[in-house]
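Asks: structure of the sequence below:
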Amino acid sequence: MIVRRFATRHAMARAAAAHAAAAIGRAIVSRGRARIIVATGASQLEFLEDLTANQVVDWPRVTLFHLDEYVGLSIEHPASFRKYILDRVIRKTSLRDYVLLNGEQDVREMCRQASAAVGAAPVDVAFVGIGENGHLAFNDPPADFTTDEPYIIVQLDEACRRQQVGEGWFESIAQVPQSAISMSIRQILKSEEIICVVPDERKAAPVKAALEGPVTPNVPASALREHGNVTMYLDFASASLLQPATLKAFA
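Replies: So this is what the prediction gives:
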């Protein structure tokens, strides 16, 4: 794993987006297409804005999957991750090949369909974040590190649901769905490359736990250390609790 720290959130986003565009380009040169996984949420806004503005990316040759979606939430709701992907990626680019998770239909059938699609060929690069509770996608602690199912149905813990309220997606925790469709930890780790974008002081504690503590289901993002090709992008706020030796070790 490589950890890169930047003075500001915007500098971090620009660097991560340039890296992502290059990774997509390498995949297209190598395979003729790029298959990517895209995270959502407040932490990814600047990164995706910079990435979609990059004129080098050959979006018609990209296939997109996303990490997770709430069960039962309308696509018209501001917190819908389908809406997020449509508004912030698909409608801003010429990307036409994508698989969106529909939490309004039969969710087990949705998991089956999405699992078949993502498992049909290698994923070239995954863009992920880390939650305030250390989650990776919607795999809240203790996460399932053993399932081979690409997409699973998960229950959201209180810390995760409170984060969604704190970020302004919902007015109260009572409005936050209690379950979601999530890409599994093992499926995320099957990606050829992972770019992890984690800004903000709210993420300092989970970043520290993921990098300095044990690899454990109680800190789902710690699983990233088991992958051989991860770059984590931090700003000064999200890196503020790390020991200097940690930054040196992951340089």
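
Asks: which other residues reach stretch 27-38?
Replies: Defining contact as CB atoms under 8 Å, 6 or more residues apart in numbering, one finds that stretch 27-38 is touched by 23-25, 44, 48, 58, 61-67, 85, 89, 118, 121-128, 183, 188, 191-192. Bear in mind the C-beta positions are built from the backbone N, C-alpha and C, glycine included.

Asks: ok, residue 246 to residue 206 distance?
Replies: 14 Å (CB to CB, to the nearest Å).

Asks: before we move on, what about residue 218?
Replies: Taken as CB to CB, the span from residue 218 to residue 206 is 11 Å.

Asks: what do you get for residue 12?
Replies: Relative to residue 206, residue 12 is positioned 16 Å away (CB to CB).

Asks: could you do residue 247 as well?
Replies: With CB to CB as the criterion, residue 247 and residue 206 are 16 Å apart.

Asks: before we move on, the earlier item: now list the buried members of the contacts of stretch 27-38.
Replies: Listed as buried from the contacts of stretch 27-38 are 23-25, 44, 48, 61-67, 85, 89, 118, 123-128, 183, 188, 191-192; burial here means 16 or more other CB atoms under 10 Å.

Asks: what strand or helix carries the nearest residue to residue 13 once chain neighbours are set aside?
Replies: Sequence neighbours aside, residue 46 is the residue nearest to residue 13 in space, at 3.6 Å (criterion: CB to CB, 6 or more residues apart in numbering). In this assignment (DSSP states H and E), residue 46 forms part of helix 45-52.

Asks: residue 247 and residue 206: which has the busier surroundings?
Replies: residue 206 (25 against 15; other CB atoms under 10 Å).

Asks: check contacts around that one.
Replies: 130, 131, 132, 133, 134, 219, 221.

Asks: so how far is the following helix or strand past the helix holding residue 46 off the chain centroid?
Replies: Going down the chain from helix 45-52, the next helix or strand is strand 62-66, by DSSP H and E. Distance, stretch centre to chain centre, for strand 62-66: 12 Å (CA atoms, centre = their mean, to the nearest Å).

Asks: for the remainder of this discussion, apply numbering that starts at 16.
Replies: In the new count, where the first residue is 16, that last one comes out as strand 77-81.

Asks: now for strand 77-81, which elements pack on it?
Replies: strand 49-53, helix 96-103, strand 112-114, helix 122-133 (3 or more CB pairs under 8 Å, 6 or more residues apart in numbering; DSSP states H and E).

Asks: next, the angle from the first one to helix 60-67.
Replies: Using axes from the mean of the first three to the mean of the last three CA atoms, to 10 degrees, the inter-axis angle of strand 49-53 relative to helix 60-67 is 160 degrees.

Asks: repeat for the last one
Replies: With the same axes, to 10 degrees applied, the angle from helix 122-133 to helix 60-67 works out at 40 degrees.

Asks: what's the following helix or strand after helix 122-133?
Replies: That would be, after helix 122-133 and using DSSP H and E, strand 140-143.

Asks: all set now, cheers.
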